[in-house]
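S.K.: show me how the following folds:
(chains A and B)
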There are 2 protein chains.
Amino acid sequence: MAPRGGIDLGGTKIQTVVVDDDNRVLGEARHPTPLTGGPQDVADAMAAALREAAEAADVAIGDLGGVGVGSPGAIDAGAGSVGQARNLPDWDGVFALADALSRQLEGATVKLGNDVSVATDAEVQLGAGRGARSLLGVFWGTGVGGGIVLGGKTWDGEGAAGELGHVVVKQGGAKCPCGRRGCLEAYAGRGAMEARARKRHDEGEKTDLFHLMKKHDRPRLTSGIWQRALEGGDKLAIELIDEAVEALGTGVASAVNLLDVEVVVIGGGLGLRLGEEYRLKIAGAMQPHLFNDDRPPSIRLAALGDLGGAVGAALLVA
Amino acid sequence: MAPRGGIDLGGTKIQTVVVDDDNRVLGEARHPTPLTGGPQDVADAMAAALREAAEAADVAIGDLGGVGVGSPGAIDAGAGSVGQARNLPDWDGVFALADALSRQLEGATVKLGNDVSVATDAEVQLGAGRGARSLLGVFWGTGVGGGIVLGGKTWDGEGAAGELGHVVVKQGGAKCPCGRRGCLEAYAGRGAMEARARKRHDEGEKTDLFHLMKKHDRPRLTSGIWQRALEGGDKLAIELIDEAVEALGTGVASAVNLLDVEVVVIGGGLGLRLGEEYRLKIAGAMQPHLFNDDRPPSIRLAALGDLGGAVGAALLVA
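M.R.: Residues are numbered from 1 along each chain as shown, chains lettered A, B, ... in the order given. Predicted coordinates for the structure are as follows:
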């Protein structure tokens, strides 16, 4: 079989890989996601990042057996289009992403999937969830995504299951970037957390977060910036991350009470960056809300790390 | 085929039916659930109620093709036992219910299932959920139960999925009868609602609820008492029921955001008693929390009414 490409399109970064038959990574590249422009600019950046991964793998684009893409938004896999990707610039409408990429990648076959579903599949097939009968993937990053695998199969409901970030943790609570109130993502999404940090900083509260952001030349409060602020004992960062952990514990426990899954896998930019210490903290925050608290699910860190989404995308064309 | 028996064991009442091959009800009976004693007393009352249904159906107990039981608590269908049925008197341990019933029912084959699962199955096979690809059953009664059917099959996870009543709607919120905080059932379970009503009544708040309870000779605030109080414009009843509806809207919408089911069926003692008006109110309370608010699930009242649980139990021996 030919090597395959995988692209993980995130709100902050575009991660690409080229993998071999055994899903081993031969080459990878990461580009920032364009913050301005529109879908075509994002497609250009995706193609460029994949070309870079192919170069690192010493594979010609024309020799790829196919390219899989994990994307946010409303995916129409049949049509190869993505709509309403609200974490991406000017992407409220529907854009024919598969065609746009194929044109720039020497006519390669391009298949689209949901970013969270492909990352969850990767963990089930190759990572921390191998052999699990049922699993909930928790992707803690710009937003909070949920991937559901039941009886070994992805559950996507009527096409959009797994909106863990919009499970309500507090009726009448904080405003979420989605416009609703009290969603898990309103407390734990990095986007919402940055907005709260900025508001409180503007109101005069002390924090190193924005100083660190400038110092490290980041356009946003990335997971690395949050981690540095935590390590430096920044009070506001600690408070907001603690609130996020509390909300994650509540929302994930609610999902477990409903689904009674065997395994919970924690990934996403913040999840991976904060690692084992926060896996334990999230497990601790779940415990008081678990109905079957004598047999909590096995709570694990995503094993494929930052590359899980891209490797999972490449599984779409396996 | 022989007629079959079905027993729905609830915290308030024991409902029995005898059905024919087409699941038509030939006879039925209802007894109050013993509030004191222990599992054996409950089993005695169950057997008596089934005998009464058989008599109404003009069927001899010895001619039944089997008896199905929908029970709360931790069901071990293989062992025929029920444990931790905390809404039933002195039933914290494990009790061999199938054997106890069989002894009293001329050696009939007795099969046990989860009360909520069998009621959900009945709605999917015979009721409001016929033909649905995926469905969430919401049983609003003494507690709040959830039944999950995905891809036409009951989803029970590691044995205890569907704890919709213990989806958290308000982090740090009201104390639930389960001992945790902020669960849906803490606001919408009839048990929790009665406790709150009693506390506020004891503190001097005006309400007709307990007067109506005495007048109609009920040991508890039944669904009928709540309905009468609402119709009479009782302020405390209206406030508590409105809170329950708000919590149901939040918790059910969270479940829909996670599972993206096609159909939601609302049943249970209160759900059925309050009917169409409250189906609409619950749908309205869900709407602000639905992530895909342009295509809410179809929200329907349970079609099998009060007998759904018992008819579903009889399906266990079909």
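S.K.: what lies in contact with the helix or strand of chain A with the lowest mean pLDDT?
M.R.: Of the helices and strands making up chain A, the lowest-confidence element is strand A:74-76, at a mean of 90, by mean pLDDT, DSSP states H and E. The contact list for strand A:74-76 (C-beta atoms under 8 Å, 6 or more residues apart in numbering or on different chains) reads A:81-85, A:94, A:112-114, A:159-160. In short, each C-beta sits where N, CA and C put it, glycine included.
S.K.: tell me the one of the residues you listed nearest chain B?
M.R.: residue A:160 (5.1 Å; C-beta to the nearest C-beta).
S.K.: per-residue pLDDT of the residue lying closest to that closest one once chain neighbours are set aside, please?
M.R.: Computed as C-beta to C-beta, 6 or more residues apart in numbering or on different chains, the closest residue to residue A:160 that is not its neighbour in sequence is residue B:260, at 5.1 Å. For residue B:260, the pLDDT comes out at 97.
S.K.: for residue B:260, give me its contacts.
M.R.: By C-beta under 8 Å, 6+ apart, the residues touching residue B:260 are A:156-163, B:134, B:292.
S.K.: which residues of the stretch 151-300 of chain A lie near chain B?
M.R.: A:155-164, A:166-173, A:178, A:180-182, A:246-247, A:250-251, A:253-255, A:257-262, A:288-289, A:291-292, A:295 (C-beta under 8 Å from any C-beta of the partner chain).
S.K.: ok, 6 Å please
M.R.: A:157-158, A:160-161, A:163, A:166-171, A:250, A:254-255, A:257-260, A:262, A:289, A:291-292 (C-beta under 6 Å from any C-beta of the partner chain).
S.K.: give me the buried entries from the residues you listed.
M.R.: Buried positions within these, assessed by neighbour count (16 or more other C-beta atoms under 10 Å in any protein chain shown), are A:157, A:161, A:163, A:166-171, A:250, A:254-255, A:257-260, A:262, A:289, A:291-292.
S.K.: which residues touch the closest residue to residue A:247 other than its chain neighbours?
M.R.: Nearest residue to residue A:247, sequence neighbours excluded (C-beta to C-beta, 6+ apart): residue A:187, at 3.5 Å. Residue A:187 makes contacts with A:243-244, A:247, as judged by C-beta atoms under 6 Å, 6 or more residues apart in numbering or on different chains.
S.K.: same list, the residues you listed, but as CSV with neighbour count, pLDDT and secondary structure please.
M.R.: Below are those laid out as CSV (neighbours: other C-beta atoms under 10 Å in any protein chain shown; pLDDT from 0 to 100; DSSP: H, G, I helix; E, B strand; the rest coil):
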residue, neighbour count, pLDDT, secondary structure
A:243, 17, 98, helix
A:244, 27, 98, helix
A:247, 28, 98, helix
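S.K.: list just the nearest of those to chain B.
M.R.: Distances from chain B to the contacts of residue A:187, taken by C-beta to the nearest C-beta, are shortest for residue A:247, at 7.0 Å.
S.K.: is that closest one in contact with residue A:188, as I believe?
M.R.: Yes. The criterion here is C-beta atoms under 6 Å, and residue A:247 meets it with residue A:188 at 4.8 Å.
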